[in-house]
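Enquirer: Any chance you could fold what I've pasted below:
(chains A and B)
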Amino acid sequence: NAGVMQNPRHLVRRRGQEARLRCSPMKGHSHVYWYRQLPEEGLKFMVYLQKENIIDESGMPKERFSAEFPKEGPSILRIQQVVRGDSAAYFCASSLAGTDTQYFGPGTRLTVL
Amino acid sequence: GEDVEQSLFLSVREGDSSVINCTYTDSSSTYLYWYKQEPGAGLQLLTYIFSNMDMKQDQRLTVLLNKKDKHLSLRIADTQTGDSAIYFCAETGGFKTIFGAGTRLFVKA
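Expert: Numbers count the residues shown, from 1 in each chain, chains lettered A, B, ... in the order given. Modelled structure (predicted):
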């Protein structure tokens, strides 16, 4: 039973490029969450999605960031025109419908040059 | 607003007990969690406690919850060098889980 999967594990982008981060939830999980962890800091909530719906995006920056969780396929966190301050670890978590417990993926470490 | 606070560092000797403390503000929290993060890795769910419980024990881990003071602690008995990691406290009262900044546990041999 595979856990939450994220790819790529490491991503390097130059300023101004786009970054696409993918998350496949645990089997049977229909809720996905994205978090950002800056170096030496805790996790900050970004967005909560269910299949084809954004439930809460209160932690997402208003510009350049978007997320989706289509009916088929992984959830995608997209960062357009990346800047150095976007360098961080981005973690995805998933949960079963109707439960609060979240299980985390290994994270994608984004480095912006 | 919701907030979770933890001390940033804890250093113990191998074989001693470690106690990591956490305070939270949301009295409607349903579950409280402890996660472990090793260097370069994701978060591993260690244990959790339902808000109507006072204590939960799982092998070397003991979680204590003081709901009146909104205080949560994680005790690790017989701490080993492999326990060196960052430990995150988290609370949830619904879909949004609020994390503390993490306590870095250093275990000295």
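Enquirer: and the residue most central in space within chain A, what does it touch?
Expert: Centroid-nearest residue in chain A: A:W34, 3.8 Å away (criterion: Cα atoms, centre = their mean). Counting by Cβ atoms under 8 Å, 6 or more residues apart in numbering or on different chains, A:W34 touches A:C23, A:M46, A:V47, A:L49, A:A67, A:S75, A:L77, A:Y90, A:F91, A:C92. C-betas here are computed from N, CA, C, even on glycine.
Enquirer: what does A:M26 give?
Expert: So A:M26 contacts A:N1, A:A2, A:G3, A:V4, A:S94, A:Y103 (Cβ under 8 Å, 6+ apart).
Enquirer: Mind listing residues that contact the helix or strand of chain B with the lowest mean pLDDT?
Expert: Within chain B, no helix or strand scores below strand B:97-99, which has a mean of 86 by mean pLDDT, DSSP states H and E. Strand B:97-99 has contacts (Cβ under 8 Å, 6+ apart) with A:33, A:35, A:42-45, A:100, A:102, B:2-4, B:24, B:26, B:33, B:35, B:88-92.
Enquirer: Swap in 7 Å and give it another go.
Expert: Contacting residues not belonging to strand B:97-99 are listed as A:G42, A:L43, A:Q102, B:E2, B:V4, B:F88, B:A90, B:E91 [Cβ atoms under 7 Å, 6 or more residues apart in numbering or on different chains].
Enquirer: Show me how to select, in ChimeraX, the buried members of those residues.
Expert: A single ChimeraX command selects the buried members of those (16 or more other Cβ atoms under 10 Å in any protein chain shown):
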select /A:42,43,102 /B:4,88,90,91
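Enquirer: among the contacts of strand B:97-99, which two are most distant?
Expert: A:Q102 and B:E2 (15.8 Å; Cβ to Cβ).
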